[in-house]
Each structure stands twice: as C-alpha cells, then as structure tokens.
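K.L.:
I'll drop the sequence and a predicted model, then ask my questions.
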Amino acid sequence: MTDVTPRHVLCVLGSGSGSGFGLADMERIAAEHGGFVLDREYSAGEPDPRMPEAFEASMAGERFEQADRDAVESHDSVGYLLSAPMTRGLAADTSRRLLEATAALLRSGAAAVKNESSGTAHGRDRWLALAEQAAEAKDEELAAVFVNAWVKLPIYDGEVLYSCGMHLLGAPDVEIEVDEEQLTEHGVPELAMHLKVLAIYLLTDPRAQEIEDGAGFRMTEDAPRHILRTAACDRYEEDDFFFNPYGYVRLTHPQ
C-alpha cells in the first residue's frame, strides 16, 4: 500500500452550439453538487483539437452515438473538475455525487464528459441513465452502477484482461489471465462478466476489505472455485491518474 490517495478528474466539454455553457457554468454546477472544483490551470475557454481523439479512445463502445461524437467535435471550451483526494470511506459517496453532477452538467448544456482517472467516456444518454439508476439503486445494485459508470473494462494487454477505475471506488482493480484459446472458447463478453462479478464482490462483501492472497472465490454458490491472487499496482506510475494504491486482484482459472 502506498500513500497515494485517488481522486476523480472529470473532463467536461462546453457546448459550441451557442448555448453559452462554459467554464463558469461548470464551476457553479460542480460546487452545487458537493464541492468539486474547477482546475483553472488546465481548463481553457477555447476548443482543444485533441478532444475528438481523446474521447474516441475512451468511449464506451456502441453507447457513444454519432450525436455524441458531433458534440465533441463542436465543443468550444474544456474544463477539468477535481474531487478532493478520496479515502476508502469517502470513495462511494464522492463517486455518487459526481455522477449526479455529471447529469446536471449535461442537462445544463455540457457537450460531453469523460473521466480522466479511469479513461472512461459515455454518451449523453448513457450518463443520464446511469445517474438515474444510481439515484434509485441500493447496495449491490448501486455497486454495479458505479462499476458501469466509472470503471473501464475489459482492457486487454495481450496477456491479461483487466479493469481501470476501481481505485475511484476504494477497491483494487480486477484482472484475469487469458490466452487466445480461452478468448476463443469463452469470448471477451463472458470473461468481462467474470471481472464485473469480482469487482462487485470487492465493493459489497465486507470480507473483501481484508482479502488475502490465495483466497477462494466462486461466481455463484455452485460454480467452480477460483483462487484469487493479490498484487501491488505496477501497471502505472504513482503519479498517474490510473494508479491504484489498493493494487490488483487476479481471478485464476477455476479448479
């Protein structure tokens, strides 16, 4: 464990449609929803030509529509909203309030939103749906909404499928070692679901706070037993927004 404390960094694009939604509006709405602040040093009241490529790399597949791409192309300002550094105990509440703020930003005229701390972008309709789900969900359902909103998965590096963003929820990221045969046999969607089940377990089961290397885990009560392996985060440097001070939990093949 390191002394690094995670924080949300939200990239918000101002509208280029003449609605007049800019940095001052971002700052006001962020403050109204729980004390998030606008980073004045890096925010700019002008378009950034890098944004289309940046959002393309972060978008969540088919849920980023052409209208969302058009909104990114037409943006006229870029704001960066910061949460306070989050301890484990504050992560869930901060992530909930930021999801509320994201919905308010989009309803008020923001063109698009992505999370710099997990590399995740959703389209407007998807952000609004996630915020609505979070307002109505409890316990395990709320954990699933948070994973869908703030965690990017699966990411494949040629050897491992893994997540990025669980540090924003006060938990380790999750990963599973795979090879081409397993990808062919099970498919990425099934393996990604395994990661999501493990992620939700880490957020909802009190025993997961003290998880030990070699612990057993089953997807369901009658499913094959997996072994969990824990490790420190060495995928990113400590000053990287993606760095997870809580490390990783790897899901091994079932026994």
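P.N.:
Ah, there it is.
K.L.:
what's near enough to touch residue 116?
P.N.:
9, 10, 11, 80, 241 (C-beta atoms under 8 Å, 6 or more residues apart in numbering). To be clear about C-beta, it is placed using only N, CA and C from the backbone, and glycine gets the same treatment.
K.L.:
To which secondary structure element type does the third one belong?
P.N.:
Right, residue 11. Following DSSP: H, G, I helix; E, B strand; the rest coil, residue 11 is assigned to strand.
K.L.:
Which residue is the nearest non-sequential neighbour of it?
P.N.:
Nearest non-adjacent residue to residue 11, counting by C-beta to C-beta, 6 or more residues apart in numbering: residue 114, 5.0 Å away.
K.L.:
again with the first one
P.N.:
In space, and not counting its chain neighbours, residue 9 is closest to residue 116: 4.0 Å by C-beta to C-beta, 6+ apart.
K.L.:
in stretch 41-57, what counts as buried?
P.N.:
Within stretch 41-57, the residues scored as buried using 16 or more other C-beta atoms under 10 Å are 43, 47, 51, 54, 55.
K.L.:
any idea of the mean pLDDT for it?
P.N.:
In this model, stretch 41-57 has an average pLDDT of 95.
K.L.:
same check, this time on stretch 94-101
P.N.:
96.
K.L.:
how many other residues sit next to residue 188?
P.N.:
By the criterion of other C-beta atoms under 10 Å, residue 188 has 12 neighbours.
K.L.:
got it, and the one 4 residues further on?
P.N.:
Other residues lying near residue 192 total 18 when counted by other C-beta under 10 Å.
K.L.:
can you check residue 181 too?
P.N.:
Other residues near residue 181 number 8, with proximity taken as other C-beta under 10 Å.
K.L.:
now it: how far from residue 158?
P.N.:
As judged by C-beta to C-beta, to the nearest Å, residue 181 and residue 158 stand 14 Å apart.
K.L.:
Which secondary structure element is home to residue 54?
P.N.:
Secondary structure from DSSP states H and E places residue 54 in helix 51-58.
K.L.:
List the buried residues for the helix or strand following that helix?
P.N.:
Using DSSP H and E, the next helix or strand after helix 51-58 towards the C-terminus is helix 66-73. Within helix 66-73, the residues scored as buried using 16+ other C-beta under 10 Å are 68, 69, 71, 72.
K.L.:
From the rest of the structure, what touches helix 66-73?
P.N.:
The contact list for helix 66-73 (C-beta under 8 Å, 6+ apart) reads 13, 15, 51, 52, 55, 56, 59, 111, 112, 123, 124.
K.L.:
just checking, what packs against whichever helix or strand comes after that helix?
P.N.:
Downstream of helix 66-73, the next assigned helix or strand under DSSP H and E is strand 77-82. Applying 3 or more C-beta pairs under 8 Å, 6 or more residues apart in numbering; DSSP states H and E, one finds that strand 77-82 makes contact with strand 9-14, helix 23-32, strand 37-38.
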